[in-house]
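In: Give me a model of this one.
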Amino acid sequence: MNSSKQNQNTNLHKALIFLAGSTLFLAIIQVTLGAIVRVTDSGLACPDWPLCHGKLVPEFDFNILLEYTHRLSASLLMLTIFSTTFITYKILRHNKIAIFAITAASITVICAAIFGGITVLSKLDWWSVPSHLALAEILILFLAILNTAIWFGDFDENSIWKNLHIKHRIMLSTTLFSIFMLIIYAAIMVAKGYGSSCGTWPLCNGELIPTRMPMIINASHRFLSLIVLGLLFHSLIRIPSGKSKMKMFFIIAIAIYLIQILVGWEIISRDFSATLKSIHLVLATGIWISFSLAIGTSLTQKINISNNINQS
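Out: Predicted structure coming up:
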């Protein structure tokens, strides 16, 4: 009987690993589709919600297909999150980090779905799209932490985060918040119509310090990007991670960030190509995922206390 129950738990754990990874992947797909919908101006292809032109399955053209696929992807994401929640509560109910992460993810995905409807019904008011994106990125953070909790276990006295110096914890938290704010600030900038106000790079229309508000907002985004890049490098250099996966996730985040800078340059060079703008947002989410996984790893992966991780 015990052997049968153990086999069942093993199978459930394998299913949980698959589902948790799938939810994170689907969340990435959801953000990608959202980026495509935004840059192709397909957000109001279905002007009502939750139906599309009053139908469950509308007649399709290209823009309706994009928006409708975005909605279907959101429904599939909710289904996988709720399935993951059920199994997590069943076999990892003593893992505080996993329970917190999946509970928070379940609440966030419901809020995101409701806000998706508000975004449509508000006719894409400038504040609604960045708010919807913020919820999507918060959801990705919780899903990343969930995956690390499944891989490495619960938070305890031997977790990396617990043994970091307080200044390192503050620095990591500041970097995470800065990446989030950079993504949302960019979304607000685009929603206000200022995304193309600086037509040259690295100067803004030839000015180091622009004077008009649209240009100031755009140039501020570039300045914030440099600050975040510095914080990422500081995380890579200063956090002594030993054999943990943290350093790997830092390296991935920085590599994606550098690629994103090149894509940002290409966006201007190619007259603000819709395709490149979509790629730019997806890369931003890639940076966010990588750093979120680094944070999740610090919370859940254990260290050998004999390693002097508190060294600065």
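
In: right, and the secondary structure at F249 would be what?
Out: Using DSSP: H, G, I helix; E, B strand; the rest coil, the structure places F249 in helix.

In: Contact partners for it?
Out: Contact analysis of F249 by Cβ atoms under 8 Å, 6 or more residues apart in numbering lists 290-291, 293-294, 297. All C-beta spots, glycine's among them, are computed from the backbone N, C-alpha and C.

In: nearest to S178, of these?
Out: The closest of those to S178 turns out to be F291 (Cβ to Cβ; 9.8 Å).

In: Verify the stated contact: the closest one with S178.
Out: No. Judged on Cβ atoms under 8 Å, F291 makes no contact with S178 at a distance of 9.8 Å.

In: Of the two, which one has the most company?
Out: F291 (29 against 18; other Cβ atoms under 10 Å).

In: any idea how far L76 is from K247?
Out: Using Cβ to Cβ, to the nearest Å, we find L76 at a distance of 34 Å from K247.

In: per-residue confidence for the closest residue in space to G54 that isn't next to it in sequence?
Out: Computed as Cβ to Cβ, 6 or more residues apart in numbering, the closest residue to G54 that is not its neighbour in sequence is D48, at 6.5 Å. For D48, the model assigns a pLDDT of 90.

In: The one 4 residues further on now?
Out: The score at C52 is 90. That number is its pLDDT.

In: what number of residues lie near it?
Out: Counted with other Cβ under 10 Å, C52 comes out at 20.

In: Report the spatially nearest residue to it, omitting neighbours in sequence.
Out: C46 (3.6 Å).

In: And for A284?
Out: Using Cβ to Cβ, 6+ apart, the closest residue to A284 is I183 (5.0 Å).

In: cool, V282 as well?
Out: T32 (5.1 Å).

In: Tell me the secondary structure at that neighbour.
Out: For T32, the assignment made with three-state DSSP gives helix.

In: and it, what is it in contact with?
Out: Here T32 is in contact with 278, 282, 285 (Cβ under 8 Å, 6+ apart).

In: Mind doing that once more with 10 Å?
Out: 70, 73, 278-279, 281-282, 285 (Cβ atoms under 10 Å, 6 or more residues apart in numbering).
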